[in-house]
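[1] this one's sequence-less:
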């Protein structure tokens, strides 16, 4: 391929793929009706930011070797219709990734939570051990210019396997298209209810994923998840090995986590039961890629975590501020529990934002029951305008409090009000945990410690 056009180039994975192909020397063009940061700046710096926002069918011509279609576009997109009219090859980005990795060993990390962390751990270890791999990761990782890498030389490709839909014309989960040789499922917790309206329908997507693992392949699955246990017993793919895993054995000393290994204790920069489950999955994958236990432990000791996954924003004499991407019920509970377990002697003030379509849906709210119980004080923030923008029925603070099943829950729908409450509740020995897939309507997390007077 020499010339490729991206419809909806501004998406997280789409713009990373566009940058990767541009760096390979391909002629890349694209369109989108809205492009946010950091995609806008990164595309601009590469010289492939569209000159104007919108859709322009005149960009589509027979000189293009392929068109890559993002989920943000619609099935009646004028550029897509033109490409179909001309008979051009049209791929979703996961469909394209599979096409260019047919001859590689494909490792796919799936599950409702922990995908990015496990993928980042494996990528970190492979890099430290000098094992070449292509990759696609859903979050920006420290030290990487782009989160997609595609080469002819690398013998394997590491893919974060999202269960959301591939494109408006290829309405199947992305991870159904990858057909892995090595796969991980970290757990199943209902999400994306706008696409998968029932829990049973959601679970079925993971059943299909297992059935698509290549013959002779292997699935590593978390043993503590009841739905994965059922799928393993059902065995939708008798041609593969199924291997259960649990959290790696560890001990906490003075707020630090140490792995227990045959080589002795290994100090980590990360913590929490969920991360120890992720780490064990990463270890199994790395072993499958030829990494010894000793090399794995040596490499993982320097892993600092994926961006916004229990990321430490500030640490003073006795106060700590973390930010985390947690937004779904299972992620919220795992993150809150992990911080309280790591710092049992400190007061935990946990604050989360309802931001996604599922989380703001009144029918889904009850899934959050008990998710923040380990926090000493809990705050839930949401913006009524976001609910309206997503064309959902309005929700009330009373509904939110009832759903979380916590009488002392503080519910805010004004970010200034939330900051004021945080300021009033700062304690000398405290951990503050901010959790959202958004940004609390413009809060700059790096400025928050000063706003709260942390020291």
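    Received the coordinates, thanks. On a predicted model such as this, the values are computed, not experimentally measured, just so you know.

[2] Would you quantify the distance from residue 216 to residue 298?
    Here residue 216 is placed at a distance of 30 Å from residue 298 (Cβ to Cβ, to the nearest Å). Every residue, glycine included, has its C-beta placed from N, CA and C.

[3] could you list every residue that touches residue 392?
    357, 360, 361, 362 (Cβ atoms under 8 Å, 6 or more residues apart in numbering).

[4] Also residue 374?
    333, 336, 337, 340, 341, 348.

[5] And for residue 453, the neighbour number?
    9 (other Cβ atoms under 10 Å).

[6] Name the member of the contacts of residue 374 with the most neighbours.
    residue 336 (24 neighbours).

[7] Please enumerate residues in contact with the strand or helix carrying that one?
    For residue 336, the host element (DSSP states H and E) is helix 329-342. Around helix 329-342, the neighbours that count as contacts under Cβ under 8 Å, 6+ apart are 112-113, 187, 189, 252, 255, 257, 271-275, 310, 322, 324-326, 348, 350, 352, 367-368, 370-375, 431, 433, 435.

[8] That helix: what's the following helix or strand?
    With DSSP H and E, the next secondary element past helix 329-342 is strand 347-353.

[9] Could you pull up the mean pLDDT of the next helix or strand after that following strand?
    Counting by DSSP H and E, the element after strand 347-353 in chain order, helix or strand, is strand 377-381. The average pLDDT within strand 377-381 is 96.

[10] Please apply the same query to stretch 105-119.
    95.

[11] next one: stretch 206-225
    The model assigns stretch 206-225 a mean pLDDT of 98.

[12] for stretch 31-47, same thing?
    94.

[13] the domain parsing of this structure - what is it?
    Following automatic domain parsing, one finds the domains of the chain at 3-88, 96-300, 311-452.

[14] surely residue 343 meets residue 433?
    No. Using Cβ atoms under 8 Å, residue 343 makes no contact with residue 433, being 10.0 Å away.

[15] who's more crowded, those two?
    More neighbours surround residue 433 than the other of residue 343 and residue 433, with 25 against 19 (other Cβ under 10 Å).

[16] pLDDT score for the more buried one?
    The model's pLDDT for residue 433 equals 96.

[17] what bridges to it?
    residue 322, residue 350 (DSSP bridges).

[18] so it sits right up against residue 349, yeah?
    Yes. At 7.1 Å, residue 433 and residue 349 qualify as touching, with contact defined as Cβ under 8 Å.

[19] ranges for the strands of the stretch 51-200 of the chain?
    With strands called from DSSP state E, counting those that start in this stretch, the stretch 51-200 of the chain shows them at 66-69, 90-92, 105-110, 134-136, 148-149, 156-160, 182-185.

[20] Okay, now the sheet partners of the second one, with direction.
    This points to strand 90-92. strand 66-69 (parallel).

[21] Next, the residues that contact the partner strand from outside, please.
    1, 4-8, 14, 17, 60, 77, 79-80, 83, 88-93, 96, 167-170.

[22] From those residues, list the buried ones, please.
    Among the contacts of strand 66-69, those classed as buried by 16 or more other Cβ atoms under 10 Å are 4-8, 14, 17, 60, 77, 79-80, 83, 88, 90-93, 96, 167-168, 170.

[23] among the residues you listed, which are in helices?
    14, 17, 79, 80, 83, 93, 96 (DSSP state H).

[24] Residue 305: what's its closest spatial neighbour, skipping adjacent residues?
    Nearest residue to residue 305, sequence neighbours excluded (Cβ to Cβ, 6 or more residues apart in numbering): residue 270, at 5.0 Å.

[25] check contacts around the one you found.
    Residue 270 touches 257, 279, 303, 304, 305, 310, counting by Cβ under 8 Å, 6+ apart.

[26] Just the closest of those to residue 158, please.
    residue 303 (14.7 Å; Cβ to Cβ).

[27] What is the burial count for the closest one?
    Neighbours of residue 303 under the rule other Cβ under 10 Å: 20.

[28] now it: how far from residue 322?
    Taken as Cβ to Cβ, the span from residue 303 to residue 322 is 16 Å.

[29] now do residue 250
    Distance from residue 250 to residue 322, by Cβ to Cβ: 19 Å.

[30] What lies in contact with the longest helix seen in the chain?
    Ranked by number of residues, the top helix in the chain under DSSP H is helix 273-288. For helix 273-288, contacts defined as Cβ under 8 Å, 6+ apart pick out 107, 109, 113-114, 117-118, 121-122, 125-126, 129, 182, 184, 186, 218, 220, 222, 224, 243, 245-248, 250, 257, 259, 268, 270, 293, 296, 300, 305, 310, 334-335, 337-338, 341.

[31] Tell me the buried residues within those.
    Using 16+ other Cβ under 10 Å, the buried members of the contacts of helix 273-288 are 107, 109, 113-114, 117-118, 121-122, 125-126, 129, 182, 184, 186, 218, 220, 222, 245, 247-248, 250, 257, 259, 268, 270, 296, 300, 305, 310, 334-335, 337-338.

[32] Could you tell me how far the one residue sitting closest to the centre of the chain is located from residue 255?
    Centroid check for the chain by Cα atoms, centre = their mean gives residue 116 as the closest residue, at 4.6 Å. Taking Cβ to Cβ as the measure, residue 116 and residue 255 are separated by 24 Å.
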